[in-house]
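After the sequence you'll find the predicted model.
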Amino acid sequence: MGLSVLQLADRLRNEADAYKFLEELRWNNQPVCPHCGAADPYFLTPKNGTDRKTRTGSESQRRVWKCRACRKQFSVLTGTIFHGTKIPVRTWCMVVFEMASSKNGVAAKEIERKYDLTAKTAWYMMHRIREAMRREPMAGLLKGEVVVDETYIGGKPSNRHGHKLRTRLQGVTDKTPVVALISRDTGEIRAKAVTNVTAENLHAAISGEVEPKLTILHTDGNFRYPRIARYYAGHEVVDHQAGEYVRRDGVSTNKAENFFSQLKRSLDGTHHHVSAQRLNRYVDKFAFRHTYCDDTDTERMVRIIGRTTGRRMTYKRPTDR
């Protein structure tokens, strides 16, 4: 199923269509109770055949199901990032599609303007979608040949004003380091922000994502990596200081450099500024987008909807410091 923006808009003519569309993507039209996991619920048909009445007396096109086992009611939104939303489901579907299809990301201010939302609502919506794009907690460890590299996210100290210039003069940076691991076999990317680049932090970031005895690390000439490499099956180095970027046997860190290049261009050109507090959400989004770059826009949307279950997010989580 490959959809364009016009085709998606044509499918989502009203809220009932949007509910059916989400049911197709999340359940493949085979509803499952989010409360007990039973797969034999039945649809609660509205009394007038089309719309149902809410507690306030207004009409709603919300599609409600009832479980035969636990007798609880639910909809396709229950227990997902959409749970409890007052935003039209049609709007959610369109914004998820934009997040899935936009190579350089999309800003909350753009979503606010295009879908007639408040700035707070658009910002919160996008954080919930980024939560769905985060890697699944039970995903397996990487193995084989894995490229490891790090970069720094933040503005140039030379562009700062007044007292902040002493950071540059002292040779200290407050940029946020990001470490990326990329499987050369599958192309999967796992990246995260770290507090600083030390051998201990790098080892912690790597060991939690790869199978040590089955992994060969491909890194640059950073002096910290040899201390880490003794825990793994092998270590290949490409020496950038000697002008070496791709060895004859194919060893290189170019896959990580490509990811960092796209990440930095997108953060700078689309979002302009991202705080260190929320950087990991943006890194997760671009890691997802880069990992599945060969998928169609619709396939990426299906993946996002498939990850919404069990990731309900209250407003406090993205705002809590």
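Good, I have the coordinates.

hey, let's count contacts and neighbours off CA atoms from now on
OK.

mind listing the strands for this protein?
42-43, 52-53, 59-60, 65-66, 73-74, 142-153, 176-183, 189-193, 210-219, 234-237 (DSSP state E).

Identify all contacting residues around the last one.
In this case it means strand 234-237. Strand 234-237 is contacted by residues 215-221, 226, 229, 251-252 when judged by Cα atoms under 8 Å, 6 or more residues apart in numbering.

for that strand, what is the average pLDDT?
If you average the pLDDT over strand 234-237, you get 95.

Work out the gap between it and the centre of the chain.
Mean-position distance between strand 234-237 and its chain equals 30 Å (Cα atoms, centre = their mean, to the nearest Å).

mind listing what it pairs with, with the direction of each?
According to DSSP bridges, strand 234-237 forms sheet pairs with strand 210-219 (parallel).

Could you list the buried residues of the strand it pairs with?
210-212, 215-219 (16 or more other Cα atoms under 10 Å).

Could you do stretch 260-268 as well?
So stretch 260-268, judged by 16+ other Cα under 10 Å, has buried residues 260, 263-264, 266-268.

now do stretch 247-264
For stretch 247-264, burial by neighbour count (16+ other Cα under 10 Å) applies to 251-253, 255-257, 259-260, 263-264.

Could you check the pLDDT of Leu169?
At Leu169, the pLDDT value in this model is 46.

show me the contacts for Arg184.
Residues in contact with Arg184 (Cα under 8 Å, 6+ apart) are 144-147.

ok, it to Thr85 distance?
Distance, Arg184 to Thr85, using Cα to Cα, to the nearest Å: 40 Å.

How about Asp149?
Per Cα to Cα, Asp149 is found 39 Å from Thr85.

Show me this structure divided up by domain.
5-136+308-319, 142-276 (automatic domain parsing).

In TSV, list the ones you listed along with distance to His290.
As requested, the domains of the chain are exported to TSV (distance: least, Cα to Cα, whole Å):
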stretch	distance to His290
domain 5-136+308-319	9
domain 142-276	7
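
which stretch among the ones you listed comes nearest Arg300?
Smallest distance to Arg300 across those (Cα to Cα): 5.6 Å, for domain 5-136+308-319.
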